[in-house]
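# Sequence and predicted model, in that order:
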Protein chains: 4
Amino acid sequence: SSSAADYVTDGSSGRSYANYTVFKGKAALSMSPLLPKFRKLESGASKVEKNGVVLLTFWPAIGQRKYDWQKKQIFALSPTELGSLISLGPAEHCEFLHDPSMKSSLEGQVKKSLSITPLGNDSGYFVNLSVVNTVEKTNERFSVPVTRAEFTVMRTAFSYVLPHLMGWDQAVRPRQANTPASPLKQ
Amino acid sequence: SSSAADYVTDGSSGRSYANYTVFKGKAALSMSPLLPKFRKLESGASKVEKNGVVLLTFWPAIGQRKYDWQKKQIFALSPTELGSLISLGPAEHCEFLHDPSMKSSLEGQVKKSLSITPLGNDSGYFVNLSVVNTVEKTNERFSVPVTRAEFTVMRTAFSYVLPHLMGWDQAVRPRQANTPASPLKQ
Amino acid sequence: SSSAADYVTDGSSGRSYANYTVFKGKAALSMSPLLPKFRKLESGASKVEKNGVVLLTFWPAIGQRKYDWQKKQIFALSPTELGSLISLGPAEHCEFLHDPSMKSSLEGQVKKSLSITPLGNDSGYFVNLSVVNTVEKTNERFSVPVTRAEFTVMRTAFSYVLPHLMGWDQAVRPRQANTPASPLKQ
Amino acid sequence: SSSAADYVTDGSSGRSYANYTVFKGKAALSMSPLLPKFRKLESGASKVEKNGVVLLTFWPAIGQRKYDWQKKQIFALSPTELGSLISLGPAEHCEFLHDPSMKSSLEGQVKKSLSITPLGNDSGYFVNLSVVNTVEKTNERFSVPVTRAEFTVMRTAFSYVLPHLMGWDQAVRPRQANTPASPLKQ
């Protein structure tokens, strides 16, 4: 339900970018966390307005160790979808369906489907993305085999960022008020 | 044993609020962490006086995708109760009983019971709250089915905040004294 | 091998104390993390000189809900001992032996033994401390039953503090040099 | 594929070093995390240019409790290799091959192999390093038995640092822009 356009960020100073990328025979898959958006309240406090996501980016191989970034497709994983990945058993699969134009006049034009299916023998998963454009009659498919070691990196990194995407790291951050600028004892 | 009234917080600047909410057919369930309270010692150090909690808020559906926030009921989970949830097996259940007026003259008037029961097939849990008021003769019940993916988000977020609710993040925070304002070598 | 005396800390400002305590029929058990000690190097960098510990404190019940803090005994868990507890299976047990005077003239006078034994049915553990003083001919014993929920809190909190006790949180902290005081572009 | 030379760091102030070391009969094994490298972008933001690693250092015993640091050999574990270790089952083994001079004129001269093999009965692992120099006709071997408790410390510490080695801690760090220096309401 989250579209990637919501997460285009300006390059303001202090911002750091990091991803985890696997390059495979037919495509590359990169993932990176995007922060939640906070809204300033009247009281001076702030509140999570929109959860963060982990952005998956797929782009195709066009030769040996050459990939075409122009043909990339993205998929934004919500906290609950991350929860599904984190708890995925070795022989289990899952699938998420997104419409990047949901609740707009273009709803239903593009259908994105991300599916994760086991490679077998607890050796990892296929991460598959299908992007169907019903108007342009196109269907782009990506399939990236991810080893168990790579999936463990994903699971560990997703578990780490999940509370941050929900803003819980900020909610449990010690308040400034604990170290007041005004003296306590006079 | 913790009552929600203990955790009403002022909206001072720097405070951040975040929750995780699931909207289901008959009710919605929202959860958010609340920080421990520290007490300043004579020495200048501080000590946890009261552990933080995760606040669960239930409120009923009153139509399709409409929920009545006025009829909300809350339940505050202590660190040990969070430990119970974090380690809950797929086919296990647990129950917690709270009296919001414990040790006051109103003790026994209101009984809150939170129970978590498996949906079956490792597909998640029912989170049930019952609030019985023996004086007003009311009994409010909420039952929210939580998928395995959603429960994984809860478990991951609860594991993350648990040390913060106990103040252990502060106890292992590097001391200011490590970077003294006064010069070391002169 | 670590003695508690090594971890007596001054109450300098900025220091925070936090513990997790369970009160049971015959004794209470409290645990709290203590930071590692860093040594300043010539280069200006610093290095962990001594790992932190989790301090366990036992003190006996002397009546209903009354405990005698004066009779407390302590046991300091090293990182590797914490690793043993974190990975302890439901039906497994473990034991650690400490001599608080090791490598001193008093070596062998006092023997501390901490053992963790299962309660059965995956319902938790007994945490037992025995302190034998061969000179004073005393033998103090504490046995505290810890529920699975409580042990999960311990395991979660121990896993959280472990990297901090080893100083790894400081080793992966972004360096000041990343945001130099001197301007980058002139 | 990462060589240790890439990770030699200056001792600038603010830098902290920490390791976890096990001393065994024939050799000692020490591990410590090394931060990723960030590159400053034109926009003022920064981006991970090179992932961090966990550096393993082996050095041989030359007597009882005496070890020869001069004869040390190192092996740098990448995030994906850490993922492999973190998810290693009790009866499983894994092996990594590194060429410290890969893509240079010396490629193929030195071959490093790190293998982890179970001790049996879920009691831990052997961590073995072999460094073969095909020009100098040398073959140095180290084998360090690691108990389950020690491996749990490694797994816990590796899981903790993994997101930091990938720079994800920086990517989810609250932006300075959230607390602007310029006033919001005038």
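Yep, that arrived. Not measured: the values here are computed from a predicted model. Numbering: from 1, shown residues only, chains lettered A, B, ... in the order given.
# which residue is nearest the centroid of chain A?
A:Val54 (1.7 Å; Cα atoms, centre = their mean).
# average pLDDT across the longest helix along chain A?
The residue-count maximum for a helix in chain A (DSSP state H) belongs to helix A:148-165. Across helix A:148-165, pLDDT averages out at 98.
# same check, this time on stretch A:113-122
Here the average pLDDT along stretch A:113-122 is 96.
# can you tell if it touches chain D?
No - judged by Cβ under 8 Å from any Cβ of the partner chain, stretch A:113-122 stays clear of chain D, getting no closer than 8.6 Å. Every C-beta, even on glycine, is put in place using the N, C-alpha and C of the backbone.
# gap between that stretch and the chain center?
18 Å (Cα atoms, centre = their mean, to the nearest Å).
# Touching that stretch from outside, list them.
With contacts defined as Cβ atoms under 8 Å, 6 or more residues apart in numbering or on different chains, stretch A:113-122 is touched by A:56, A:75, A:77, A:85, A:88, A:90-98, A:124-130, A:132, A:145, A:148.
# Equivalent analysis for stretch A:18-31, please.
For stretch A:18-31, the surrounding residues in contact (Cβ under 8 Å, 6+ apart) are A:32-33, A:54-61, A:65, A:67, A:127, A:142-146, A:150, A:153-154, A:157, D:36, D:47-48, D:79, D:166-168, D:170-171.
# how about stretch A:161-180: buried residues?
A:161-172, A:174-175 (16 or more other Cβ atoms under 10 Å in any protein chain shown).
# ok, A:Pro118 - how many residues close by?
16 (other Cβ atoms under 10 Å in any protein chain shown).
# what is it paired to in the beta sheet?
Listed by DSSP bridges, the beta-bridge partners for A:Pro118 are A:Tyr125.
# From B:Val144, how far off is it?
Separation of A:Pro118 from B:Val144 (Cβ to Cβ, to the nearest Å): 30 Å.
# The helix or strand just after the longest helix of chain A close to chain D?
Per DSSP states H and E, the first helix or strand lying C-terminal to helix A:148-165 is helix A:168-171. Yes - counting by Cβ under 8 Å from any Cβ, chain D has neighbours in helix A:168-171: A:169-170.
# circling back: may I have the helix or strand harbouring the residue nearest to the centre of chain A exported as CSV, CA atoms only?
A:Val54 belongs to strand A:53-63 when assigned by DSSP H and E. Output of strand A:53-63 as CSV, limited to C-alpha atoms (Å, rounded to 0.1, in the frame of the first residue of the first chain):
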residue,chain,number,x,y,z
VAL,A,53,9.7,1.0,5.0
VAL,A,54,12.5,-1.2,3.7
LEU,A,55,12.8,-0.4,0.0
LEU,A,56,13.6,-3.3,-2.3
THR,A,57,15.1,-2.4,-5.7
PHE,A,58,15.4,-5.0,-8.5
TRP,A,59,17.3,-4.3,-11.7
PRO,A,60,18.1,-6.7,-14.5
ALA,A,61,21.4,-8.2,-15.7
ILE,A,62,22.3,-7.2,-19.3
GLY,A,63,25.5,-9.1,-19.5
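# what comes up buried for it?
A:53-61.
# Tell me the one among the residues you listed nearest to chain D.
A:Val54 (9.7 Å; Cβ to the nearest Cβ).
# How much space separates the closest residue to the closest one other than its chain neighbours from A:Met154?
Nearest residue to A:Val54 in three dimensions, chain neighbours excluded: A:Leu77, at 4.5 Å (Cβ to Cβ, 6 or more residues apart in numbering or on different chains). A:Leu77 sits 10 Å away from A:Met154, taking Cβ to Cβ as the criterion.
# Now do the shared contacts for these two.
What both A:Leu77 and A:Met154 touch, as defined by Cβ under 8 Å, 6+ apart, is the set A:Leu85.
# Go ahead and confirm A:Val48 touches A:Asp169.
No - contact between A:Val48 and A:Asp169 fails when scored by Cβ atoms under 8 Å: they sit 10.8 Å apart.
# for chain A, what are the low-confidence residue spans?
A:1-13, A:175-186 (pLDDT under 70).
# any idea how far A:Leu82 lies from A:His164?
11 Å.
# Likewise for A:Arg15?
Taking Cβ to Cβ, one finds A:Arg15 at 14 Å from A:His164.
# Strands of chain A, start to end?
A:16-17, A:20-23, A:27-34, A:37-40, A:46-50, A:53-63, A:66-67, A:73-77, A:94-98, A:110-118, A:124-133, A:138-147 (DSSP state E).
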